[in-house]
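[1] fold the following for me, if possible:
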Amino acid sequence: MLHSRASRRPAETLLGVLLVCALAAAGLVVTGAAPARAHATGLVVDPAFDAGLGGGFNSSVFSVAPTEPDGYVVAGFFTRYGGVSAPYLARLDADLELDTDFAAALGSGFNSWVSVALPVDGGYLVGGNFSLYQRRTAPRLVRLDADLRIDEAFSAALGTGFDGAVRAVVPDGDGFVVGGSFTRYQGRAVPRLVRLDADLRIDEAFLAALGTGFDDDVRVVVPADGGGYLVGGNFTRYRGEAAAYLVRLDARLEPDTAFHAALGTGFDGNVRVVVPDGDGYYVGGSFTRYRGEAVPHLVRLDADLVPDPGFQLVGSFSDTVFSVVPHDGAYVVAGDFTTPEGARSAHLLRLVTVVVEVDAVADRVSSAGFPVVPVPVAARVEPATAGTPVLTVSGLPDGLTFDRGTSTITGTPSVVTGTTTSRVTVSATASGVTDTTTFTWTVEPPPPPVVDLEPTDVHVLAGTDARFTAAGSGDPTPTVQWFTRDGADEDAGPDDGWQAVAGATAPELVVVAPGVADRGRQYRAEFRNAHGVATTRAATLVVETVPRIVTAPSHQTVVEGDTATFAGVYATDGLRSQRRLWLRSTDGGATYEQVGGGMWCGDRCRTSVEVATADRGADGDLYVLAITYLDGTRRVESAPARLTVLAQRAPQITVQPESVTLAVEGADLVFTAAATGVPEPTVQWFLLDEDGGDPVPISGATDPTLVLTATADLQGRSVVAEFTNRAGTATTFPATVVEVRPGRALALRVTPRVVVVDALPARP
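    Alright, predicted model coming up:
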C-alpha cells in the first residue's frame, strides 16, 4: 500500500482523480452536457478567445483542462507562449495571460513533452513522454501537489513506471486503464494498454485477455455503454486482426464485430480523441477522410457511425486535432494545426456552437395569373451574437421573387398550359453555418369561373312574377346565361333538355306571371369565360293556388277526462309543399300555438287533431285548421272551434220506483226510475230477497224502466235501480211486489163471417 498523503485518502478519491486524468488523456473533460444540436449546428471560431491568445503557442498542444475558479492548464510539445518561455506545461488565467507564479513553481519542469495535466484536489496529475521532473525521476506519470511538488507515495508505488509515453488513463472499478506508446510497465511486457489496481499493480486477468494487444500507439480510451471500451490510436491491428485506428472492445476485450462492420472503411489516419456527445461522438485525429469522404481532422458521427449531416465545421483544420474539451457550452480544441480558417493563433482555439434553423414552409398551390398571398420566410439563430441570418430562396416558379427587405415571397405566377411543380429551397446562413429547407410550389392553369351564389327554388301564386338570382366570379369576369327546361320528365339526366332563355344574361332572371302550367319548370345559370364554364344547380319554379278549407272543425263538448276530436277537410291543387297545421289558443284567440299538422295528403284531405283526457283547464280553448302555401310564407285558416269541458257530477236519483201492492199472476209489473249525472249514468236493476240477502243483478235490465212478469215467487220481493258514472253511484229505494194472486184464464171464441160481393162499386 501507499503511505504518502495521497495514499491515505480513500481509494475512491484516488480513482476519482484518475478518472479526470483519463478523460484528459483522451482529450475529454466532462463539465456538463454538450450544446444541443438543432437542424443545422456549426462550430465557429470564438474571436474573443482567439484574440486573447495573442501569438499563442509555438508548437503542438496535446491537451487543455479548465481549472477552478477559472483559467486553463495546457500541456503539449510547445516551449513558448506568446513569446515567453513555457516548456511543455503552462497555466493561463481567465484572460488567457500566462500565470507567472505557476511557471516559477514549475521550475526546470519536465525533460520532454507532456500529454496531459489535470487539476486534482488542488494539485495535478501529469502524464506524457518525460522521464524527469525538476531533475528527479518521473517515468511518464507523476502526481504534483498544489505547489507543483512530487507526491512521493504515488511515485514510490509507480516504481520504474512506463518505458514509453502515457497517452490515456481511464478509471475502471477499483483500478484504472492506461494507454499509450509504452510496451513495458515496471519491467513487464504490456502491449500499449494495461489495467492497474488501486496500488498501481498490473491486473493479470486483463493482461491475459489483452493477448498480443495493439501493434502501435493507443491515444484514447473511452468507457463504452454496457461495459468495454472505445480505443483509438495509431494502431492498424489488434491481436493480429485488422483494426484500423478505432475499435470497440467488450468487457472481455473481444472486438465488437457489429461496430467494426458499421465503421466500414473507417478513417485514413490515426484517431487522437473520441468525445461522446448525446447520441453520437466527436472524433478527432490526423485523418482527413472517413469512408472515403473528406473530413479534415474532426467529424461528428451518429450512433450508427454515420457522419451527422446537420454538423457543420466552419472552416477546417490544417493538421491533427489532439483534444476536444466541452466547456461552458463551447469546445476548446487543441492540436498540431497552425492556421484554421478564422483563427490567428496556432494550436489552440475555442469553438462556439451556432444553431441555424429555417422555419418550415408548407407546400403551396397557386393559380397562374393570380397574385399569390405573400409567403414569409424566417430563420432562428442562436446565439444572437452569431448575427442576422442571410436568407436566400431558389427554385421559385416564374413570376415569383424573394424580397430580402421584407423576407417574403411575392409575385404572380406566369400563365402555364398545364400544372407545373417546382421544388423551392430556402437557405439561411449565419457565421458560416447554413441550414436549408425545401417545399413544393405547384402552379395550376387559371381556374374556370366559380359559382358564388346558387339559385333557390321559388314559390309564387299563379300570375305573380318569379325571380331567380345567381352569382359567379372569375378572371376575366364571366358572362351569364340562364337556361330552362320542363321539370316533369323524371327520367331526364342533369344536362338534358336545357334551352337558353332569350335575353336572360343578367344575374337575376324574372319569369313574368307564370301560370299553373309552368309549375315544376327548372332554371339554371351558366357563367363562362376563356378558362371554362361554371353551372349552377337547377332551381324549380313552384306555381301555387290558394288552398281551401272545405269543412271547418266544429265546436266540441266533452266531459273532463274524455278525448275531444276536432276534424276538418281541406282541398289543395296537388302541391306537396302545402301543408296543414292545427293551432290552439288558450287566451281567447289572442295567440295561437301549433299542436299538430302534417304534409300534403292529396288533393282533398280529411285531417283531425285529438285533445286527450281534457281537463277543466282546457275549457274555452279554441282550435283552428290552417293550410300553408308559398313555401310556408302564407296560410288560410278555418273559423275557431271551441272546446267545452264539462265537470263530472255523481248520479242523483230524480225518480224513485213504486211498489206494487197487488198483481195478478202473469200480468206485467212495470217499475220506472231516473237519475241525472255527468257523464250520463248507466243503470242496472237488482232483485232483493225477502230475507235481505245480497242483491242479484237482473240480466239485461239496463233501462230506466223495468218490466217483469208477475209470478208467485216474486211475491214479497223487491227491486232497486243502481245508477253509475265516473263520479260515483246512486241507488233507488226498494220497490216491493206485495201480493201476487192467481188469475183465471179467459176463453175467446171468434166466428168468422164471409160476405160475397158481386161487383165492385164504380170509382167516383
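
[2] tell me the SS of A48?
    helix (DSSP: H, G, I helix; E, B strand; the rest coil).

[3] which ones are touching it?
    By C-beta atoms under 8 Å, 6 or more residues apart in numbering, the contact list for A48 is empty. Just so you know, the C-beta spots here come from the backbone N, C-alpha and C atoms, and that holds for glycine as well.

[4] distance of it from L92?
    Relative to L92, A48 is positioned 14 Å away (C-beta to C-beta, to the nearest Å).

[5] any idea how far V390 is from T408?
    V390 is 16 Å from T408, where distance means C-beta to C-beta.

[6] secondary structure element for the residue lying closest to T676 once chain neighbours are set aside?
    Counting by C-beta to C-beta, 6 or more residues apart in numbering, T676 lies nearest to Q652, which is 5.3 Å off, once chain neighbours are set aside. Using DSSP states H and E, the element containing Q652 is strand 649-655.

[7] that strand pairs with which strands?
    Partner strands and pairing direction for strand 649-655 (DSSP bridges) are strand 674-678 (antiparallel).

[8] next one: the strand it pairs with to chain centre, how far?
    77 Å (C-alpha atoms, centre = their mean, to the nearest Å).

[9] list the contacts of it.
    Contacts to strand 674-678, defined as C-beta under 8 Å, 6+ apart, come from residues 559, 646-655, 681, 683, 704, 721, 723, 725, 727-728, 730.

[10] of these, buried ones?
    V559, Q648, R649, A650, P651, I653, P681, V683, A721, F723, N725, A730 (16 or more other C-beta atoms under 10 Å).

[11] just checking, the second one touches A727?
    Yes: because the distance of 4.3 Å satisfies C-beta atoms under 8 Å, Q648 is recorded as touching A727.

[12] center of this structure - which residue?
    For the chain, A362 is the residue whose C-alpha lies nearest the centre (C-alpha atoms, centre = their mean; 18.1 Å).

[13] any weak-confidence spans in this protein?
    Where the chain drops to pLDDT under 70, the residues are 1-39, 339-345, 574-576, 600-603, 744-764.

[14] and the residue nearest to the centre of the chain, its phi and psi?
    phi -70, psi 150 (degrees, to the nearest 10).

[15] look up the closest residue to it, ignoring the ones flanking it.
    Ranked by C-beta to C-beta, 6+ apart and with sequence neighbours excluded, the top spatial neighbour of A362 is F439, at 6.6 Å.

[16] next SSE downstream of the host helix or strand of that neighbour?
    According to DSSP H and E, F439 maps onto strand 433-444. Using DSSP H and E, the helix or strand that directly follows strand 433-444 along the chain is strand 450-453.

[17] what are the buried residues along that following strand?
    For strand 450-453, using 16+ other C-beta under 10 Å, the buried residues are V451.

[18] and for stretch 716-726?
    Buried residues in stretch 716-726, counted by 16+ other C-beta under 10 Å: R717, S718, V719, V720, A721, E722, F723, T724, N725.

[19] what's the answer for stretch 499-514, then?
    Neighbour counts over stretch 499-514 (16+ other C-beta under 10 Å) mark A504, P507, L509, V511, P514 as buried.

[20] same thing with stretch 691-701?
    Buried-residue list, stretch 691-701, by 16+ other C-beta under 10 Å: P695, A701.

[21] and that stretch, how far out from the chain's middle?
    Centroid separation for stretch 691-701 versus its chain: 84 Å, with C-alpha atoms, centre = their mean.

[22] again, but for stretch 246-254
    Taking C-alpha atoms, centre = their mean, one finds the center of stretch 246-254 at 46 Å from the center of the full chain.

[23] one more: stretch 90-106?
    From the chain centre to the centre of stretch 90-106 is a distance of 59 Å (C-alpha atoms, centre = their mean).

[24] and for stretch 209-227?
    49 Å.

[25] buried residues, it. List them.
    Going by neighbour count (16+ other C-beta under 10 Å), the buried part of stretch 209-227 is L210, G213, F214, D215, D217, V218, R219, V220, V221, V222, P223, A224.

[26] wait, the fourth one touches G233, no?
    Right, D215. No: with contact defined as C-beta under 8 Å, D215 does not reach G233; the gap is 9.9 Å.

[27] how many other residues sit next to L98?
    Close neighbours of L98, defined as other C-beta atoms under 10 Å, add up to 19.

[28] that one reaches G83, doesn't it?
    No: L98 is beyond contact range of G83, at 10.0 Å (criterion: C-beta under 8 Å).

[29] name the residues contacting each of the two.
    With contacts defined as C-beta under 8 Å, 6+ apart, no residue is shared by L98 and G83.

[30] give me the residues contacting stretch 106-114.
    With contact meaning C-beta under 8 Å, 6+ apart, stretch 106-114 is reached by 60, 62, 75-77, 87-89, 126-135, 138, 148.

[31] re earlier: now do the same contact list for the residue nearest to T676.
    For Q652, the contact set (C-beta under 8 Å, 6+ apart) comprises A675, T676, G677, A730.

[32] specify which member of these is nearest to T477.
    Comparing the contacts of Q652 against T477 with C-beta to C-beta places G677 closest, at 83.6 Å.

[33] roughly how far apart are that closest one and N129?
    G677 sits at a distance of 132 Å from N129 (criterion: C-beta to C-beta).

[34] gap between P679 and T724?
    Distance from P679 to T724, by C-beta to C-beta: 10 Å.

[35] and F259, which of the three is it?
    Relying on three-state DSSP, one would call F259 helix.

[36] for L687, same thing?
    At L687 the chain is in strand, as set by three-state DSSP.

[37] quick check, it in contact with D694.
    No: at 10.3 Å, L687 does not count as touching D694 under the criterion of C-beta under 8 Å.

[38] show me the domain layout of this protein.
    11-354, 359-444, 450-489+497-544, 548-646, 649-741 (automatic domain parsing).

[39] pick the most buried one from those.
    Highest mean neighbour count of these: domain 11-354, a mean of 19 (counted as mean count of other C-beta atoms under 10 Å).

[40] and S323, bridged to which residues?
    Beta-bridge partners recorded for S323 (DSSP bridges): A334.

[41] L583 too?
    When bridges are called by DSSP bridges, L583 pairs up with Q594, V624.

[42] contacting residues for it?
    Y592, E593, Q594, V595, Y623, V624, L625, A626, E637.

[43] list the contacts for H459?
    Per C-beta under 8 Å, 6+ apart, neighbours of H459: V542, E544, S577, Y629, L630, D631, T633.

[44] sitting in strands, which of those residues do you find?
    The members of these that map onto strands under DSSP state E are V542, E544, Y629.

[45] quickly list what the last one is bridged to.
    For Y629, the beta-bridge assignment (DSSP bridges) gives partners R634.

[46] would you map the helices across the stretch 151-300 of the chain?
    For the stretch 151-300 of the chain, helices defined by DSSP state H, counting those that start in this stretch occupy the ranges 152-158, 204-210, 257-263.

[47] now do the second one: everything it contacts.
    So the one you mean is helix 204-210. Residues from elsewhere that reach helix 204-210 (C-beta under 8 Å, 6+ apart): V177, V190, P191, L193, V194, R195, R252, L253.

[48] ok, so of those residues, who is nearest V271?
    Each of the contacts of helix 204-210 was checked against V271 using C-beta to C-beta; the closest is L193, at 14.5 Å.

[49] can you pull the contacts of the closest one?
    Residues in contact with L193 (C-beta under 8 Å, 6+ apart) are V177, V178, G179, L210, G213, F214, V218, V221, V231.

[50] surely the last one and P223 touch.
    No: look at V231 against P223 with C-beta under 8 Å: they stay out of range, at 10.7 Å.
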